[in-house]
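Participant: Sequence first, predicted model second:
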Amino acid sequence: MEPEREFNSTLRFSFVGASMYTNYFGLKEKPFSIAPDPRYLYMSERHREALAHLLYGVSSDGCFILLTGDVGTGKTTVGRCFLAQLPDNTDVAFIVNPRLTVLELLETICEEFGIPLDSRQQSVKLCIDKLNIYLLEAHASGRNSALLIDEAQSLSLALLEQLRLLTNLETNQKKLLKIMLLGQSELRHKLKQKEAVQINQRITSRYHLLPLDRTNCFSYILHRLAVAGERQKVFSKNALNRIFLFSGGIPRIINILCDRSLLGTYVDGEYLVSAKVVDKAAREVLGDDSKDGEQAIGKRLWPKIIFAVFAFLFCASGVLYYLDSMTPVLQLPRFQSTEAGNVSNLPVVVPITESVTEEPQDVKTEESETITIIPLEIVE
């Protein structure tokens, strides 16, 4: 049953920026923004492991830490959560757009670490020398330095080679710079190329982030609603199932579908998001991709239907077999067939209660042959 609420009819159609439905549903803010807000990070087992890999990598003696995943699985959000949980003695250079030249990459790294550069005289060697001096001073003062690169699948092979060379900045006991790469699945394929074999061998930790399963998808939606201040039921069970099937468990698509579904429910003046509203939202935001989702839904339903039919037939045959086995079997004596209507020729069984002894009798056949019949002596 829908919770009772007093809805403001004038609010339904007052489209005022981002708050067009937040007040209607009693939310403090939009719960399904695609911005990588660490507050909304749902710590599934997979996301927890991904974050653990980054935190362990920055404190270990490794060179490269690799975190990959399909588009929209939450790599950037994990990276922002990692930045929020860094140890106090760690300095990080964070690069979000790695489509740079080698010199531009080095200049960006120096700027992130606060290393002053002379804009009049810049070269790759000068940037590396200043970066090396900075890392040695940080190590001497007991600080760690790390480089975090998002969208790392955009790195060219030349940039990957330059990053490998930066790991040569070291002391006899420790690497001075830890490099963490966050990228899409194509980054793994790029690192398998022959030209990247040296950097591939220096990766000490790898983790591939997969989409959410059905249970975690539902928990993810409820988690984001709770963070935004909503603790009542907003999505019906059928709506949640449709969101999972259309999104494939990818958090970014889940956010887009949920946001549009809440908007559609608000415009309709309803409170509980239905499967029908989700289907409409999928057609609006996914376009032709929603047809793929509908086909996937059909493909998932058909096996269940076929299984249900076979299960019904199997149970029905079992019931019939059981009933047939419980029917009593009557064994009747077999007699020679007689002509219809000749009842007098049917044998009559007379119980024998005493011993019978008869003399042999001679019976004549039609051919006047004598046959001697010797009666059996039956003793009671």
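Facilitator: That came through, no problem. Computed from a predicted model, the values in this text were never measured in an experiment. Numbering: from 1, shown residues only.
Participant: what about the closest residue to residue 93 other than its chain neighbours, distance to residue 76?
Facilitator: Nearest non-adjacent residue to residue 93, counting by Cβ to Cβ, 6 or more residues apart in numbering: residue 112, 3.4 Å away. For every residue, glycine as well, the C-beta is placed using N, CA and C. According to Cβ to Cβ, to the nearest Å, residue 112 and residue 76 sit 17 Å apart.
Participant: helix or strand right after the host helix or strand of residue 80?
Facilitator: Residue 80 belongs to helix 75-84 when elements are defined using DSSP states H and E. Counting by DSSP H and E, the next helix or strand C-terminal to helix 75-84 is strand 90-95.
Participant: ok, residues contacting that next one?
Facilitator: 58, 79, 83, 86, 105, 108-109, 112-113, 138, 143-150 (Cβ atoms under 8 Å, 6 or more residues apart in numbering).
Participant: Go through the residues you listed and flag which are in strands.
Facilitator: Secondary structure from DSSP state E places 144, 145, 146, 147, 148, 149 of the contacts of strand 90-95 in strands.
Participant: Next, count neighbours for the nearest residue to residue 199 once chain neighbours are set aside.
Facilitator: The shortest distance from residue 199 to any non-neighbouring residue, by Cβ to Cβ, 6+ apart, is to residue 164 (4.4 Å). Residue 164 has 18 neighbouring residues, counting by other Cβ atoms under 10 Å.
Participant: and if you look at residue 101?
Facilitator: Residue 101 sits with 13 neighbouring residues when counted by other Cβ under 10 Å.
Participant: How about residue 36?
Facilitator: Using other Cβ under 10 Å, residue 36 has 17 other residues around it.
Participant: That one and residue 73: what is the separation?
Facilitator: According to Cβ to Cβ, residue 36 and residue 73 sit 12 Å apart.
Participant: And the strands in the stretch 201-350 of the chain?
Facilitator: Taking DSSP state E, counting those that start in this stretch, the strands of the stretch 201-350 of the chain run over residues 203-209.
Participant: tell me the domain boundaries of this structure?
Facilitator: Residue ranges of the domains in the chain are recorded as 24-38+213-287, 45-209, according to automatic domain parsing.
Participant: so which of the ones you listed comes closest to residue 313?
Facilitator: domain 24-38+213-287 (27.0 Å; Cβ to Cβ).
Participant: Let's test this: mean pLDDT of that closest one, rounded?
Facilitator: Regarding domain 24-38+213-287, the rounded mean pLDDT is 93.
Participant: Surely the residue nearest to residue 199 and residue 200 touch.
Facilitator: No. Residue 164 is beyond contact range of residue 200, at 9.6 Å (criterion: Cβ atoms under 8 Å).
Participant: Pick out the residue nearest the middle of this structure.
Facilitator: In the chain, the centroid-proximal residue (Cα atoms, centre = their mean) is residue 213; its distance is 2.4 Å.
Participant: Name the helix or strand of this structure that has the lowest mean pLDDT.
Facilitator: helix 9-12 (a mean of 41; mean pLDDT, DSSP states H and E).
Participant: how about the nearest residue to residue 191, chain neighbours excluded?
Facilitator: residue 200 (4.6 Å).
Participant: State the pLDDT value of that neighbour.
Facilitator: Here the pLDDT value assigned to residue 200 is 89.
Participant: What of residue 172?
Facilitator: For residue 172, pLDDT reads 83.
Participant: Of the ones in strands among the contacts of strand 90-95, which is the nearest to residue 20?
Facilitator: Proximity of these to residue 20 was ranked by Cβ to Cβ; the top entry is residue 148 with 35.4 Å.
Participant: what about the closest one, distance to residue 166?
Facilitator: 13 Å.
Participant: Looking at the two, which one has more neighbours?
Facilitator: Shown here are residue 148 and residue 166; by other Cβ under 10 Å, residue 148 has more neighbours (25 against 20).
Participant: And the more buried one, what's its pLDDT?
Facilitator: pLDDT, residue 148: 96.
Participant: ok, which stretches of the chain are helices?
Facilitator: Using DSSP state H, the helices of the chain run over residues 9-12, 45-59, 75-84, 102-112, 124-140, 157-166, 186-191, 197-201, 214-227, 237-247, 251-267, 275-286, 289-325.
Participant: Just tell me which of those helices ends up closest to residue 208.
Facilitator: Nearest of the helices of the chain to residue 208, taken as Cβ to Cβ: helix 186-191 at 7.4 Å.
Participant: Output the helices of the chain in JSON lines; the columns should cover distance to residue 65.
Facilitator: Below are the helices of the chain laid out as JSON lines (distance: least, Cβ to Cβ, whole Å):
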{"stretch": "helix 9-12", "distance to residue 65": "48"}
{"stretch": "helix 45-59", "distance to residue 65": "3"}
{"stretch": "helix 75-84", "distance to residue 65": "10"}
{"stretch": "helix 102-112", "distance to residue 65": "17"}
{"stretch": "helix 124-140", "distance to residue 65": "17"}
{"stretch": "helix 157-166", "distance to residue 65": "12"}
{"stretch": "helix 186-191", "distance to residue 65": "13"}
{"stretch": "helix 197-201", "distance to residue 65": "12"}
{"stretch": "helix 214-227", "distance to residue 65": "24"}
{"stretch": "helix 237-247", "distance to residue 65": "28"}
{"stretch": "helix 251-267", "distance to residue 65": "22"}
{"stretch": "helix 275-286", "distance to residue 65": "33"}
{"stretch": "helix 289-325", "distance to residue 65": "33"}
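Participant: still on that earlier bit, I'd like the domains of the chain laid out as TSV, including distance to residue 312.
Facilitator: Shown next, in TSV, are these (distance: least, Cβ to Cβ, whole Å):
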stretch	distance to residue 312
domain 24-38+213-287	23
domain 45-209	37
